[in-house]
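*Asks:* only geometry, no sequence info:
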């Protein structure tokens, strides 16, 4: 029987979640509810009936801490340094293919919140079943629930190949607000969840065809020379016959402080905050009582050594602040 591997992509540092994420505490390990985003992502894959084995791919910097979190119940694949998702996926495929060249693989990011499990399992099982019979790449898409400018979009065909599975027409970058509103009205437009399924040899052949330089660099162990690029940019957008499963679960990419606070406090509400005459305000505090009065469009984050007050309009660009602090000598706070 063919083995199916669920691999969690966990190499990112999460600069946009500073000050919660730090050098020694990447976003996938920040406490989230009773566990962490990483543990939740791994558990989601382990609960899917088709998946027989799981792995986490991360960098040398985070490997020890992640090993402590996941124990010995799954494989740990280690990158020397982070080079974005294309390199992480190819490295994982080459590692798995050494012992299991017939493997079927699904890659899923570590920083997503997905519910309910049953609907997620149904979508992944449909994708895995399809790629087990076809040498093609399958993605997971979600019907947009609002006009997001933070997500990429997949335009699917109107004709189903099988139930909830469609040929992909095109990919679209993160849109302007006006364009996103137009996407919302089209049934053929889906959010790109960044979840990819294929046979391990299909993945490897796609890299050999579309990214031969990256393939050679990893085979020759020249990891430091790799130019970082996402799997979407390097491979997915170049594949003419990829398909998408339209998932029916709730999905959030927890890529900003605003999203992290919203999602984490669904599990454990913050009771140390009083909001009076406020609108669109999010807070993340520890022990202090925080009172906000007559303000709007703010994120307020308090940790042991920092206090950040930010307009929510800038929540997607916190990495700019991190770079400024780095250049200004505040390395101890990063």
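*Replies:* Received it, and whenever you're ready, just let me know what you need. These numbers were taken from a predicted model, which means no experiment stands behind them.

*Asks:* For residue 16, list the residues it contacts.
*Replies:* Going by C-beta atoms under 8 Å, 6 or more residues apart in numbering, residue 16 touches 255-257, 315-319. To be clear about C-beta, it is placed using only N, CA and C from the backbone, and glycine gets the same treatment.

*Asks:* Make JSON lines from the residues you listed and add secondary structure and neighbour count to it.
*Replies:* Converted to JSON lines, these look like this (DSSP: H, G, I helix; E, B strand; the rest coil; neighbours: other C-beta atoms under 10 Å):
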{"residue": "255", "secondary structure": "coil", "neighbour count": "21"}
{"residue": "256", "secondary structure": "coil", "neighbour count": "20"}
{"residue": "257", "secondary structure": "helix", "neighbour count": "26"}
{"residue": "315", "secondary structure": "helix", "neighbour count": "21"}
{"residue": "316", "secondary structure": "helix", "neighbour count": "17"}
{"residue": "317", "secondary structure": "helix", "neighbour count": "13"}
{"residue": "318", "secondary structure": "helix", "neighbour count": "25"}
{"residue": "319", "secondary structure": "helix", "neighbour count": "14"}
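
*Asks:* From the residues you listed, pick the one nearest residue 222.
*Replies:* residue 319 (26.8 Å; C-beta to C-beta).

*Asks:* following the strand of greatest length in the chain, which helix or strand comes up?
*Replies:* Scanning the chain for the longest strand, with DSSP state E as the assignment, gives strand 189-199. Per DSSP states H and E, the first helix or strand lying C-terminal to strand 189-199 is helix 200-210.

*Asks:* Packing partners of that next one?
*Replies:* helix 84-99, strand 104-109, helix 212-219 (3 or more C-beta pairs under 8 Å, 6 or more residues apart in numbering; DSSP states H and E).

*Asks:* Mind listing what's buried along it?
*Replies:* For helix 200-210, burial by neighbour count (16 or more other C-beta atoms under 10 Å) applies to 200, 202-204, 206-207, 210.

*Asks:* can you give me the strands in the stretch 1-150 of the chain?
*Replies:* Here the stretch 1-150 of the chain has its strands, by DSSP state E, counting those that start in this stretch, at 4-9, 31-32, 35-36, 53-59, 75-79, 104-109, 112-115, 138-142.

*Asks:* The second one: partners in the sheet, and parallel or antiparallel?
*Replies:* Using DSSP bridges, strand 31-32 pairs in its sheet with strand 35-36 (antiparallel).

*Asks:* What mean pLDDT does the strand it pairs with get?
*Replies:* For strand 35-36, the mean pLDDT works out to 89.

*Asks:* Need the residues that contact it.
*Replies:* Identification of contacts with strand 35-36 by C-beta under 8 Å, 6+ apart yields 28-30, 43, 69.

*Asks:* ok, residue 264 touching residue 33?
*Replies:* Yes: between residue 264 and residue 33 there is a contact under C-beta atoms under 8 Å: 6.5 Å.

*Asks:* Tell me where the protein is predicted with low confidence.
*Replies:* Low-confidence segments of the chain (pLDDT under 70): 1, 160-161.

*Asks:* thinking again about what came up before, which one of residue 264 and residue 33 is surrounded by more residues?
*Replies:* Using other C-beta atoms under 10 Å as the criterion, residue 264 and residue 33 rank with residue 264 on top: 20 against 15.

*Asks:* Mind telling me what element the more buried one is part of?
*Replies:* helix 257-267.

*Asks:* which parts of the helix or strand that that helix is followed by are buried?
*Replies:* Moving toward the C-terminus from helix 257-267, the next helix or strand (DSSP H and E) is strand 273-276. Neighbour-count burial for strand 273-276, counted by 16+ other C-beta under 10 Å, picks out residue 273.

*Asks:* So which residues make contact with the helix holding residue 264?
*Replies:* 16-17, 20, 27, 30, 32-34, 113, 252-254, 282-284, 299, 301, 310, 312, 315, 318.

*Asks:* Go through it and flag the buried ones.
*Replies:* Across helix 257-267, burial judged by 16+ other C-beta under 10 Å covers 257-261, 263-264.

*Asks:* from these, which is closest to residue 129?
*Replies:* Each of the buried residues of helix 257-267 was scored against residue 129 by C-beta to C-beta, and residue 263 proved nearest at 29.8 Å.

*Asks:* Roughly how far does the closest one sit from residue 48?
*Replies:* Going from residue 263 to residue 48 by C-beta to C-beta, to the nearest Å gives 21 Å.
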